[in-house]
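fold the stuff below for me.
(chains A and B)
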Amino acid sequence: KAGVTQTPRYLIKTRGQQVTLSCSPISGHRSVSWYQQTPGQGLQFLFEYFSETQRNKGNFPGRFSGRQFSNSRSEMNVSTLELGDSALYLCASSLGQMDTEAFFGQGTRLTVV
Amino acid sequence: SQKIEQNSEALNIQEGKTATLTCNYTNYSPAYLQWYRQDPGRGPVFLLLIRENEKEKRKERLKVTFDTTLKQSLFHITASQPADSATYLCALAAGETSYDKVIFGPGTSLSVIP
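Numbers count the residues shown, from 1 in each chain, chains lettered A, B, ... in the order given. Okay, here's the model as predicted:
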């Protein structure tokens, strides 16, 4: 079966701009979680969506938002980009129970200049 | 405060030896703990899950233990190979239900030297 697909793979944006990242989960998976990964902070949880509802949220400012569509595809948006937002953004899909395996995409490498 | 720690950022071992990676946590009461492998430029890949009522779990050359009293999990790779070189991450649920967010440790970079 097809894996988790994230688009785009690479992105360069300017400070102050906004960006939208996309994640297509594995067919049948209803949960999508987003993470930010940086060398200094590791994998930081952003939020999780399940059946179009945000079910969990991490400790990120309101500039970070997301949504999930009826086909389980998810998008995350970052507004008013800052240099510190440069990171690898990963999404993971699963069946929904957190004690099951999560499948990660390749990530989107965002660089803010 | 809640914290997940993994032993030294980097671990170097000789091929054929057993690698032991540690995951310690504080102020969590996870019902389960997971281990993932991450290669450079790629997303993490699931390896093993162990529940709080399981002391040990094995999968081929991998073994995981979970001690809820010590708040610690050990991850062992026996007969290590250079192909095992990667970053290994432990992860646990931040709460006590099956729907709580999954939090990752900082990872341990393992290098297996031929």
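
need the contact list for the residue in chain A that chain B sits nearest to.
Residue of chain A nearest chain B, by Cβ to the nearest Cβ: A:Phe104 (3.0 Å). Heads up, the C-betas are built off the backbone N, CA and C, glycines and all. By Cβ atoms under 8 Å, 6 or more residues apart in numbering or on different chains, the residues touching A:Phe104 are A:4, A:90-92, B:43-45.

try it again at 7 Å.
A:4, A:90, A:92, B:43-44 (Cβ atoms under 7 Å, 6 or more residues apart in numbering or on different chains).

so which strand or helix has the residue nearest the centre of chain A?
Centroid check for chain A by Cα atoms, centre = their mean gives A:Trp34 as the closest residue, at 3.3 Å. Element membership for A:Trp34 (DSSP states H and E) is strand A:31-38.

and chain A, which residues reach chain B?
Applying Cβ under 7 Å from any Cβ of the partner chain, one finds that chain A approaches chain B through A:33, A:42-43, A:45, A:48, A:55-56, A:58, A:90, A:97-99, A:101-102, A:104-107.

the same query, at a cut-off of 8 Å, please.
A:4, A:33, A:35, A:42-43, A:45, A:48, A:50, A:55-58, A:90, A:92, A:96-107 (Cβ under 8 Å from any Cβ of the partner chain).

count of neighbours near residue 85?
Went with chain A since none was named. 20 (other Cβ atoms under 10 Å in any protein chain shown).

actually chain B
Neighbour number of B:Ser85 under other Cβ under 10 Å is 16.

mind listing what it touches?
B:Ser85 neighbours (Cβ under 8 Å, 6+ apart): B:110-112.

write the ChimeraX selection for whichever of the residues you listed are buried.
To isolate the buried members of the contacts of B:Ser85 in ChimeraX, using 16 or more other Cβ atoms under 10 Å in any protein chain shown:
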select /B:110,112
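
need phi/psi at the nearest residue to A:Leu11 once chain neighbours are set aside.
Excluding its sequence neighbours, the residue lying closest to A:Leu11 (Cβ to Cβ, 6 or more residues apart in numbering or on different chains) is A:Leu110, at 4.9 Å. Here the main-chain torsion angles of A:Leu110 (degrees, to the nearest 10) amount to phi -100, psi 130.

quick check, A:Leu110 in contact with A:Gly84.
No - applying Cβ atoms under 8 Å, one finds A:Leu110 not in contact with A:Gly84, separated by 11.1 Å.

quick one: which of those two has more around it?
A:Leu110 (20 against 10).
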